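Q: coordinates only, sequence not included:
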């Protein structure tokens, strides 16, 4: 074959090929959702005395009526984050991002599912071990960039997940009410 034959053959093959409507090639495979979490300045959220560390079950930051309603489950859980299958590093990023996004969306009550972290011992059928995420998530909620967003934290009743779930009551966004 000569170069002219090659060229003719090539032109025959590409005669129906059309240029894509944009410069970027289409993405193949699964679409990945990018989440941009803006920085929330703690002084825009909370202007008061220094905040104590969060203790699960403590309702020191809220009035008695709100505390009672929160513990009884009267606040509807508006969003959940299930950490089953997450590594510790991935879970940390997910928790911080989830709390910030929930606050920015105006949610009041959210839940983080850590699981109980108990593993069955094959020898005698007993459960042993502690859940890493179950232990770490309450510590992470005290991070300086998300602690001011949180009013109270507790474990719901056993039928709602018990100690494998952490329910969080978030502050209202005062900016929306014109208080800043």
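A: On my side now, so go ahead. This is a predicted model, so every value here is computed, not measured.

Q: Mind checking what helix or strand follows the lengthiest helix in the chain in sequence?
A: Of all the segments assigned as helix in the chain under DSSP state H, the longest by residue count is helix 88-104. Beyond helix 88-104 on the C-terminal side, the first helix or strand identified by DSSP states H and E is strand 109-113.

Q: Residue 86 contacts residue 94, doesn't it?
A: Yes. The pair residue 86 / residue 94 is scored as a contact, 6.4 Å apart, by C-beta atoms under 8 Å. In this view, the C-beta of every residue, glycine as well, is placed from N, C-alpha and C.

Q: Please point out which parts of the longest helix of the chain sit buried.
A: Within helix 88-104, the residues scored as buried using 16 or more other C-beta atoms under 10 Å are 91-92, 94-96, 98-103.

Q: Redo those residues as a markdown table? Include distance to residue 117.
A: As requested, these are exported to a markdown table (distance: C-beta to C-beta, whole Å):
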| residue | distance to residue 117 |
| --- | --- |
| 91 | 12 |
| 92 | 16 |
| 94 | 16 |
| 95 | 15 |
| 96 | 20 |
| 98 | 19 |
| 99 | 21 |
| 100 | 25 |
| 101 | 25 |
| 102 | 23 |
| 103 | 27 |
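
Q: can you give me the strands in this structure?
A: Shown for the chain, the strands assigned by DSSP state E span residues 79-82, 109-113, 119-120, 127-128, 150-154, 165-170.

Q: I appreciate the help and will end here.
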